[in-house]
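S.K.: Build me a model from this:
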Amino acid sequence: MKDELELLKESVKSNKAVSNIKLPVYGLDERINVYRELERPPISLFIPLGHDVPNPDGSKIENPKKHYRRFFDDELENNKEIFTRPTFTNVEVIRVKQKDGTGGMFGNLFGGGDDDLMDTET
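M.R.: Numbering: from 1, shown residues only. Predicted coordinates:
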């Protein structure tokens, strides 16, 4: 089963025209005289979404809502097939510790802080 899945993934990778969304193909089933889905994409690579109800009179399905979306088993930003370069910028953050007894960067600009008032005697 795992080898079969790997073969399917390789065939999808080799075909650059593969879409992430596939629409179902319907054909007339002459045995029961109803339109049915003919070709389904591999369930290990595509997830079926939506539902199409066949017409009771056997006519062709109009405005189908069912479709298949490609499934990725890891986060998209980790997938090298989709993103060839890193998607997020990594920036190192440097934190500075405030010295005791100072009002910080803007302490002198705004008249210090409440700490300065506590230290003075009146």
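
S.K.: Let's see stretch 85-102 as PDB, backbone CA atoms only.
M.R.: Taking Å, rounded to 0.1, in the frame of the first residue of the first chain, the C-alpha atoms of stretch 85-102 are listed here in PDB:
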ATOM      1  CA  ARG A  85      12.400  29.300  -1.000                       C
ATOM      2  CA  PRO A  86      11.600  29.900   2.600                       C
ATOM      3  CA  THR A  87       8.200  31.500   3.100                       C
ATOM      4  CA  PHE A  88       8.800  33.300   6.400                       C
ATOM      5  CA  THR A  89      11.600  35.500   7.300                       C
ATOM      6  CA  ASN A  90      13.500  34.500  10.400                       C
ATOM      7  CA  VAL A  91      14.800  37.500  12.400                       C
ATOM      8  CA  GLU A  92      16.900  37.100  15.600                       C
ATOM      9  CA  VAL A  93      15.400  39.200  18.400                       C
ATOM     10  CA  ILE A  94      17.800  40.900  20.800                       C
ATOM     11  CA  ARG A  95      16.400  42.000  24.100                       C
ATOM     12  CA  VAL A  96      17.900  44.600  26.300                       C
ATOM     13  CA  LYS A  97      17.600  44.700  30.000                       C
ATOM     14  CA  GLN A  98      16.800  48.000  31.700                       C
ATOM     15  CA  LYS A  99      19.300  49.100  34.300                       C
ATOM     16  CA  ASP A 100      18.000  49.600  37.800                       C
ATOM     17  CA  GLY A 101      17.500  53.300  38.800                       C
ATOM     18  CA  THR A 102      17.000  54.600  35.300                       C
END
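
S.K.: tell me which strands and helices the host helix or strand of Ile47 is in contact with?
M.R.: Element membership of Ile47 [criterion: DSSP states H and E] is strand 46-49. Other helices and strands packing on strand 46-49, by 3 or more Cβ pairs under 8 Å, 6 or more residues apart in numbering; DSSP states H and E, are strand 67-70. (Each C-beta comes from the backbone N, C-alpha and C, glycine too.)

S.K.: now what about the strand it packs on, what contacts it?
M.R.: 18-24, 40-41, 45-50 (Cβ atoms under 8 Å, 6 or more residues apart in numbering).
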